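> this one's structure only:
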């Protein structure tokens, strides 16, 4: 009997995914390299958050001055000398940033302003999807040790800054770049309007704080209007430590600059934000505050909320109680989609 083969549509069979892994014994242990030990690490993504108008860019100009001159930090820790790349969407380089760098005694010939990205001879605005462009820039300027993105929310490439999954996808290449090039990347962000603990107060998704290895709160001191405090909110790499204080001074031309204080600040970020000052907080109340800050807009996939709660140490029982007390709504995301939690 003759068999007849009738050609049909070509079927593509996807290869099964395979895990790529290494034994721990194959990984060479190495110490952390620091820009400012134990606050800001080289090769890592960090964040500084604070309310508008607190002169966060004056602080980053001071940090850039330390890096470009190799000047020791106020606590005596050494600062590696190098160049800096400043990405700033709010301040004019000519009448604002350059005068602040001069007031901070920065080596301005070692500081670069990112103006635009060129693609096929055409210029456009920079966004966080342009990590390869920064990588190429550092390849041409290998002395860069510091990259400041201020504010980070201005460069989201159309991504909703409140969606955890999208933000994580955008920040992962930034962290990879920092590790590859051994640079400290500092993202500057505003505070949201909530009344929760400091770790939940960064504007946008909690994914920003989760991606950062260290997060510091910039706030006004209670004892003087021109005094600022830089307080640890999170530090995955160094020991729990005190805060740092400084006073905002001005030059004869009314340009602000940082005058560091030698005295450590013992106040915590939660205390400066007046969080929990007048009441005994419970885990459920903390979780409720976090949910208020997290479930914004049209809602968040339930699996993302549960995973983030687990990372923060909230138990399933605490999460359930907080969800019930807040009256969190749930809905199905399409026919085959997962569940969405919303307020």
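Here it is on my side, so go on. Quantities reported herein were computed from a predicted structural model and do not represent experimental measurements.

> List the beta-bridge partners for the residue lying closest to residue 188 once chain neighbours are set aside.
The shortest distance from residue 188 to any non-neighbouring residue, by Cβ to Cβ, 6 or more residues apart in numbering, is to residue 150 (3.9 Å). To be clear about C-beta, it is placed using only N, CA and C from the backbone, and glycine gets the same treatment. Residue 150 has the following beta-bridge partners by DSSP bridges: residue 88.

> what residues are up against residue 150?
Residue 150 makes contact with 56, 57, 60, 86, 87, 88, 89, 90, 91, 187, 188 under the criterion Cβ atoms under 8 Å, 6 or more residues apart in numbering.

> same thing but 10 Å
Going by Cβ atoms under 10 Å, 6 or more residues apart in numbering, residue 150 touches 48, 56-57, 59-60, 86-91, 97, 186-189.

> next one: residue 88
57, 60-61, 96-97, 113-114, 148-151, 154, 188.

> Output the contacting helices and strands for the least confident helix or strand in the chain by mean pLDDT.
When each helix and strand of the chain is scored by mean pLDDT, DSSP states H and E, helix 283-294 comes last, with a mean of 80. Helix 283-294 sits against helix 302-312, helix 316-326, with contacts defined as 3 or more Cβ pairs under 10 Å, 6 or more residues apart in numbering; DSSP states H and E.

> Can you say which of those helices is nearest to residue 138?
Among these, helix 302-312 comes nearest to residue 138, with 30.4 Å by Cβ to Cβ.

> Give the buried residues for that closest one.
Residues of helix 302-312 classed as buried by neighbour count (16 or more other Cβ atoms under 10 Å): 302, 304, 305, 308, 309, 312.

> and of the contacts of residue 150, the nearest to residue 232?
After measuring the contacts of residue 150 against residue 232 - Cβ to Cβ - the closest member comes out as residue 48, at 11.1 Å.

> what helix or strand is that closest one on?
Per DSSP states H and E: residue 48 is located in strand 45-50.

> what are the pairing partners of that strand, and which direction each?
strand 184-189 (parallel), strand 214-220 (parallel).

> And it, what's buried?
By 16+ other Cβ under 10 Å, the buried positions in strand 45-50 come out as 45, 46, 47, 48, 49, 50.

> Quick check: what element follows it along the chain?
helix 56-69.

> same question for that next one, mean pLDDT?
The pLDDT scores in helix 56-69 average 97.

> the inter-axis angle of that helix versus strand 214-220?
Angle, helix 56-69 to strand 214-220, by axes from the mean of the first three to the mean of the last three Cα atoms, to 10 degrees: 130 degrees.

> And helix 56-69, how far out from the chain middle?
In terms of Cα atoms, centre = their mean, to the nearest Å, the centre of helix 56-69 is found 17 Å from the chain centre.

> dump the residue contacts of residue 329.
By Cβ under 10 Å, 6+ apart, the contact set of residue 329 is 295, 299, 323, 340, 341, 342, 343.

> Share the number of residues neighbouring the last one, please.
Other residues within reach of residue 343, judged by other Cβ atoms under 10 Å, total 14.

> Report the mean per-residue pLDDT for the lengthiest helix in the chain.
Secondary structure assigned by DSSP state H gives helix 164-181 as the longest helix of the chain. Averaged over helix 164-181, pLDDT sits at 92.

> Give me the buried positions along it.
164, 166, 167, 168, 170, 171, 173, 174, 175, 177, 178, 181.

> ditto for stretch 68-87
Buried residues in stretch 68-87, defined by neighbour count with 16+ other Cβ under 10 Å: 68, 71, 73, 74, 79, 80, 82, 83, 84, 85, 86, 87.

> what sits against the fourth one?
Taking Cβ under 10 Å, 6+ apart as the criterion, residue 74 is in contact with 36, 62, 66, 244, 245, 246, 258, 259, 260, 261, 262, 263.

> Appreciated, that's everything.
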